[in-house]
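*Asks:* Dropping a prediction and its sequence here:
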Amino acid sequence: GSPAPSVTWWKEGSIYDSSYEVTEYKTVVNKMNYPKLRREDLGSKFVCQASNTNRTPPVSREIHISLNLPPTGLQVLEKPTYVSEGKSRVVTCQAIGGYPPPEITWW
């Protein structure tokens, strides 16, 4: 566009990265670097926005952070205090904090 746009990244409504460069092909690029993603970042929204004048609305695209997270804990629920031969008992194992929800295997 003319004038060349500024390209910025926003995180949850606040400016995150306003550095951009014009390449040799006259395109404007902002390469966002988000080091050390954390568990709390799951689902965070980032918006890349290009704007070149106050007379036209900015153009934007958003991304949502998706992470593979290991479980933070494991619980065995409904632990039987006794088991008799020939009888059935239900024992439930529950993973906590994993994303996507982990698959639980008994062996």
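*Replies:* Cool, got the structure.

*Asks:* Tell me the predicted confidence for T81.
*Replies:* pLDDT, T81: 80.

*Asks:* What backbone torsions are found at R39?
*Replies:* phi -50, psi -40 (degrees, to the nearest 10).

*Asks:* K45 now?
*Replies:* Here K45 shows phi and psi, under degrees, to the nearest 10, equal to phi -110, psi 130.

*Asks:* contacting residues around it?
*Replies:* 11-12, 62-65 (Cβ atoms under 8 Å, 6 or more residues apart in numbering). For the C-beta atoms, the positions are set from N, CA and C on the backbone; glycine is no exception.

*Asks:* Distance to G98 added to these, as CSV?
*Replies:* Converted to CSV, these look like this (distance: Cβ to Cβ, whole Å):
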residue, distance to G98
K11, 24
E12, 24
E62, 25
I63, 22
H64, 18
I65, 16
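
*Asks:* Give me the buried entries from those.
*Replies:* In terms of neighbour count (16 or more other Cβ atoms under 10 Å), the buried residues within the contacts of K45 are K11.

*Asks:* Of the contacts of K45, which pair is most distant in space?
*Replies:* Spatial extent of the contacts of K45 (Cβ to Cβ) is set by the pair E12 and I63 at 12.3 Å.
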